[in-house]
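> one predicted model, sequence on top.
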Amino acid sequence: MSETGKEGQKAWRPLIGQKALVTGASSGIGRAVALALGAAGADVGVNHVTRREDADAVADEIRKSGTAAVALEADVSNEEQVVAMFHTAVEHFGRLDILVANAGVQRDAPFADMTLADWNTVIAINLTGQFLCCREAVRTMSRQGVTAGLSKAAGKIICMSSVHERIPWAGHVNYAASKGGVMMLMQSLAQEVAPLKIRVNSIAPGAIRTPINAPAWSSPQALAGLLTLIPYGRIGEPEDVARAAVWLASDDADYVTGATLFIDGGMTLYPCFAHGG
């Protein structure tokens with residue numbers, strides 16, 4: 001589906017009439033994904049756990065693109081809050097077609113110094129949070145089934161992973177473990193629910209210019225060091241990930257399930273081997 005923009009160009013709006021929920025959508029990658037889904041025609045639930053004003057601002061910006069949006073507060077690691085959030089989203093929109101399970105945190109420490117609280121917090125939000133949100137999405141989407149003329153799938157789930165589902169990361173063992181878990185959660189779930197016409201995929205960003213990793217890019221020296229890990233020679237922008245999410249949620253990706261799409265400028269190509277290792 002498309003619409004003609006102000007300058008006579010066709011805007012790609014493949015998600016018209018669909019309803020989406022993006023977790024961790026008040027900033028960074030989640031914000032960009034929520035805005036992109038809205039621009040592509042979807043109504044969007046903007047999840048946040050703090051800073052309601054930021055989520056409201058994202059929702060307001062989505063509405064300017066001509067679609068509906070609502071801010072939804074929930075801690076994705078809390079089962080009761082997740083169930084309530086999905087109930088509110090479905091009650092508000094009438095259905096749910098797209099979930100982008102994006103919420104995530106880091107609690108970095110050398111392994112010998114890592115506390116159980118550091119470990120539990122990251123696993124609870126990054127992995128258990130995806131389990132809880134994916135479970136509620138599957139329950140909702142399987143009840144809906146395929147709606148002719150809206151989408152070829154009964155639902156689309158996108159798990160936000162990381163290049164660190166593949167690349168070990170010393171000093172970040174909890175984070176890397178959580179993303180390795182997301183990989184197998186996504187693949188196993190995709191295998192299970194494909195017969196229900198629910199597609200499940202992951203996006204694995206590399207270095208993206210977001211507040212969570214500002215120390216890695218905010219100074220010229222840090223950025224120069226980071227770029228040695230990126231063959232393509234630039235840091236990623238949240239919009240790079242957002243465009244991929246729109247495609248995965250669209251019918252153009254209807255035969256794609258159980259896949260991880262790496263958006264990393266080649267970080268997973270082991271750049272140190274480009275000159276013989």
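Perfect, I can see it now.

> and the longest helix along the chain, what does it pack onto?
Determined from DSSP state H, the single longest helix within the chain is helix 173-193. Where contact means 3 or more CB pairs under 8 Å, 6 or more residues apart in numbering; DSSP states H and E, helix 173-193 is packed against helix 116-123, helix 129-144, strand 155-160, strand 198-205. C-beta here means a position set from N, CA and C on the backbone, and glycine is covered the same way.

> point out where the stretch 151-277 of the chain drops to low pLDDT.
Flagging of the stretch 151-277 of the chain using pLDDT under 70 yields the residue ranges 277.

> tally of neighbours for residue 145?
Using other CB atoms under 10 Å, residue 145 has 12 other residues around it.

> one step back: tell me the most buried of the helices and strands packed on helix 173-193?
strand 155-160 (a mean of 27; mean count of other CB atoms under 10 Å).

> please name the nearest non-neighbouring residue to residue 19.
Using CB to CB, 6 or more residues apart in numbering and skipping the chain neighbours, the partner closest in space to residue 19 is residue 93 (4.0 Å).

> doesn't residue 72 make contact with that neighbour?
No: the pair residue 93 and residue 72 does not pass the contact test of CB atoms under 8 Å, sitting 10.6 Å apart.

> the more surrounded of those two?
More crowded of residue 93 and residue 72, by other CB under 10 Å: residue 72, with 23 against 20.

> strand partners of the helix or strand in which that one is found, parallel vs antiparallel please.
Assigned by DSSP states H and E, residue 72 belongs to strand 69-73. Note on strand 69-73: by DSSP bridges, its sheet partners are strand 43-48 (parallel).

> can you give me the end-to-end span of stretch 160-176?
End-to-end distance of stretch 160-176 (CA to CA, to the nearest Å): 13 Å.

> how far away from the center of its chain is stretch 35-43?
14 Å (CA atoms, centre = their mean, to the nearest Å).

> contacts for that stretch, please.
1, 11-20, 22, 44, 58, 61-63, 65, 67-69, 93, 97-98, 100, 239, 242-243, 245-246, 249-250 (CB atoms under 8 Å, 6 or more residues apart in numbering).

> so residue 105 makes contact with residue 122?
Yes: between residue 105 and residue 122 there is a contact under CB under 8 Å: 6.0 Å.

> quick check: chain neighbours aside, which residue is closest to residue 238?
residue 32 (3.4 Å).

> any idea which element that neighbour lies in?
Counting by DSSP H and E, residue 32 is part of helix 28-39.

> what's near enough to touch residue 169?
Residue 169 makes contact with 175-176 under the criterion CB under 8 Å, 6+ apart.

> and the gap between it and residue 206?
Distance of residue 169 to residue 206, given as CB to CB, to the nearest Å: 12 Å.

> could you do residue 66 as well?
32 Å.

> who has more neighbours out of these two?
Higher neighbour count among residue 66 and residue 206: residue 206, with 23 against 12, using other CB under 10 Å.

> how much space between the more buried one and residue 157?
Taking CB to CB, one finds residue 206 at 22 Å from residue 157.
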